[in-house]
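S.K.: what's the 3D shape of this:
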Amino acid sequence: MSAYQSPLHEMSQTTPTDYWNDSSATDELEYGIQHGAVGATTNPVIVVDVLKKSFSDWEGRIREIIGELPTATEDDIAWKLIDEMAIKAAKLLEPVFEKTGGKKGRLSMQTNAKFYRDAEAMVKQSLHFAQVIPNLNVKMPVTEAGVKAIEEVTYHGISVNATVSFTVPQALAVAEAVERGLKRREAEGLDNSKMAPVCTIMVGRTDDWMKVVTNRENIIVNPDYLEWAGVAVFKNAYRIYQEKGYTTRLLAAAYRNHYHWSQFIGGDVVLTIPCKWAKRFNGSDVTVEERMSKPVDPAIIKELSSKIEDFRRAYEPDGMTPAEFDTYGANVRTLRQFIGGYAELCQIIRDLMIPNPDK
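M.R.: Here you go, the predicted structure:
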């Protein structure tokens, strides 16, 4: 009989690789913790999905909030709801947070995606989040303004989870911003021992963007290679992180295939996995073995680099400047989706505040 409940549990117990649940839904997070999860993440799309799946659990509370805050806008109600969802999920992770001295057991809360150009607004909202839950990683997009906010939030002693990030240049910009923030704290004699910053690379969305580009520009590449774009970017960023000894850890998100799990096993990284993918991985015959140090086939990198300019921009450390982050295709697509997810959340709340009289 195996000493481990599942492959993810085995990975979490036998390697440096951490497993997080990519949702704040209580049932999904409980499943994750049972199988070794030590953190959780959320974003506007995930919040809407959670609300839709368990609307009956939250409808009454939303109506109560509407009554408690008679002058509140739908935005006010939305963020009050997000706060309460976060508090509920964060409590499940508090035992791990306390046991590890704050290094693990954290919930990631995302700033309003509409603030992607406003560093000051992101910092202000991050400071609010830090008052809501103690075991926080605050998520901000890796835009030009986001990089500035990441440094400032780090300086204020809040651990970040940089998101809307798909490339090596973004990951390096985040790591350097965190180091600047930590050095400012150190210079003032402030404690950095409990800081646990991470930088996401949304590997599946990196793959998605390469597929969009090849389809849009009529580029023919080996279709199997397109499943490796995000893995190649992540492994290259990890190599540089290890060489430079950054405080920040890399985090893989946006799952599309088992490479986005299996290829990163053994790395000192975080894998934030949606519950449906966690169950697939736990039911698979993919073995738990160290693969992080195994390089991606050079033929894959050569073909993707020679045929897809946006892969080169994603893979090479100097492929983009922070001023170019905002207009990179994967960034634009994801920001639009996240802003759309927030708009959908507001629409759900609006329908409760002022129901459609025609229905």
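S.K.: going forward, measure contacts between C-alpha atoms and count neighbours the same way
M.R.: OK.
S.K.: burial count for the closest residue to Glu120 other than its chain neighbours?
M.R.: The shortest distance from Glu120 to any non-neighbouring residue, by Cα to Cα, 6 or more residues apart in numbering, is to Ala149 (6.9 Å). Per other Cα atoms under 10 Å, the neighbour tally for Ala149 reads 28.
S.K.: who touches stretch 284-298?
M.R.: 7, 10-11, 228, 231-232, 235, 262-267 (Cα atoms under 8 Å, 6 or more residues apart in numbering).
S.K.: what's stretch 345-359 in contact with?
M.R.: Pro44, Val47, Val48, Ile62, Arg63, Ile66, Glu74, Asp75, Ile77, Ala78.
S.K.: Leu93 touches Gly39, doesn't it?
M.R.: Yes: the criterion here is Cα atoms under 8 Å, and Leu93 meets it with Gly39 at 6.7 Å.
S.K.: quick one, which of the two is more surrounded?
M.R.: Neighbours per residue (other Cα under 10 Å) separate Leu93 from Gly39, with Gly39 holding more: 33 against 22.
S.K.: how far does stretch 149-161 sit from its chain's centre?
M.R.: Chain-centre distance of stretch 149-161: 15 Å, with Cα atoms, centre = their mean, to the nearest Å.
S.K.: return that stretch as PDB; C-alpha atoms alone will do.
M.R.: What follows is stretch 149-161, C-alpha atoms only, in PDB (Å, rounded to 0.1, in the frame of the first residue of the first chain):
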ATOM      1  CA  ALA A 149       3.400  48.400  -7.700                       C
ATOM      2  CA  ILE A 150       5.200  45.100  -7.000                       C
ATOM      3  CA  GLU A 151       8.200  46.900  -5.700                       C
ATOM      4  CA  GLU A 152       6.100  49.300  -3.600                       C
ATOM      5  CA  VAL A 153       3.900  46.600  -2.100                       C
ATOM      6  CA  THR A 154       7.000  44.400  -1.300                       C
ATOM      7  CA  TYR A 155       8.400  47.400   0.500                       C
ATOM      8  CA  HIS A 156       5.200  47.600   2.600                       C
ATOM      9  CA  GLY A 157       5.900  44.000   3.700                       C
ATOM     10  CA  ILE A 158       3.200  42.300   1.600                       C
ATOM     11  CA  SER A 159       4.200  39.200  -0.400                       C
ATOM     12  CA  VAL A 160       3.200  39.300  -4.000                       C
ATOM     13  CA  ASN A 161       1.900  36.900  -6.600                       C
END
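S.K.: can you give me the buried ones in that stretch?
M.R.: Neighbour counts using 16 or more other Cα atoms under 10 Å place 149-161 of stretch 149-161 among the buried residues.
S.K.: any chance of the residues you listed in a markdown table, with distance to Val174 and pLDDT too?
M.R.: Formatted as a markdown table, the buried residues of stretch 149-161 follow (distance: Cα to Cα, whole Å; pLDDT from 0 to 100):
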| residue | distance to Val174 | pLDDT |
| --- | --- | --- |
| Ala149 | 10 | 98 |
| Ile150 | 7 | 98 |
| Glu151 | 8 | 98 |
| Glu152 | 12 | 98 |
| Val153 | 12 | 98 |
| Thr154 | 11 | 98 |
| Tyr155 | 13 | 98 |
| His156 | 16 | 98 |
| Gly157 | 16 | 98 |
| Ile158 | 14 | 98 |
| Ser159 | 12 | 98 |
| Val160 | 9 | 98 |
| Asn161 | 9 | 98 |
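S.K.: closest one of those to Ile220?
M.R.: Asn161 (35.2 Å; Cα to Cα).
S.K.: now do Gly189 against Phe234, distance only.
M.R.: According to Cα to Cα, to the nearest Å, Gly189 and Phe234 sit 34 Å apart.
S.K.: okay, these two: which has more neighbours?
M.R.: Neighbours per residue (other Cα under 10 Å) separate Gly189 from Phe234, with Phe234 holding more: 29 against 9.
S.K.: tell me if that one really is in a helix.
M.R.: Yes: judged by DSSP: H, G, I helix; E, B strand; the rest coil, Phe234 forms part of a helix.
S.K.: my read is that it contacts Val168, right?
M.R.: Yes: using Cα under 8 Å, Phe234 makes contact with Val168 at a distance of 7.3 Å.
S.K.: neighbours around Leu172, how many?
M.R.: Using other Cα under 10 Å, Leu172 has 21 neighbouring residues.
S.K.: contacting residues for it?
M.R.: Contacts of Leu172 by Cα under 8 Å, 6+ apart are Ala237, Tyr241, Pro317.
S.K.: likewise Ile65?
M.R.: Ile77, Lys80.
S.K.: helix/strand/coil for it?
M.R.: Under three-state DSSP, Ile65 falls in the helix class.
S.K.: swap in the one 5 residues further on?
M.R.: Judged by three-state DSSP, the three-state class of Pro70 is coil.
S.K.: what sits against Asp22?
M.R.: Contacts for Asp22 were tallied using Cα under 8 Å, 6+ apart; they are Ala40, Thr41, Thr42, Thr272, Ile273, Pro274, Cys275.
S.K.: could you dump those to a markdown table with neighbour count?
M.R.: Listed next are these as a markdown table, based on neighbours: other Cα atoms under 10 Å:
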| residue | neighbour count |
| --- | --- |
| Ala40 | 32 |
| Thr41 | 26 |
| Thr42 | 21 |
| Thr272 | 27 |
| Ile273 | 25 |
| Pro274 | 22 |
| Cys275 | 19 |
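S.K.: among those, which two are most distant?
M.R.: The widest separation within the contacts of Asp22 (Cα to Cα) is 12.4 Å, between Thr42 and Cys275.
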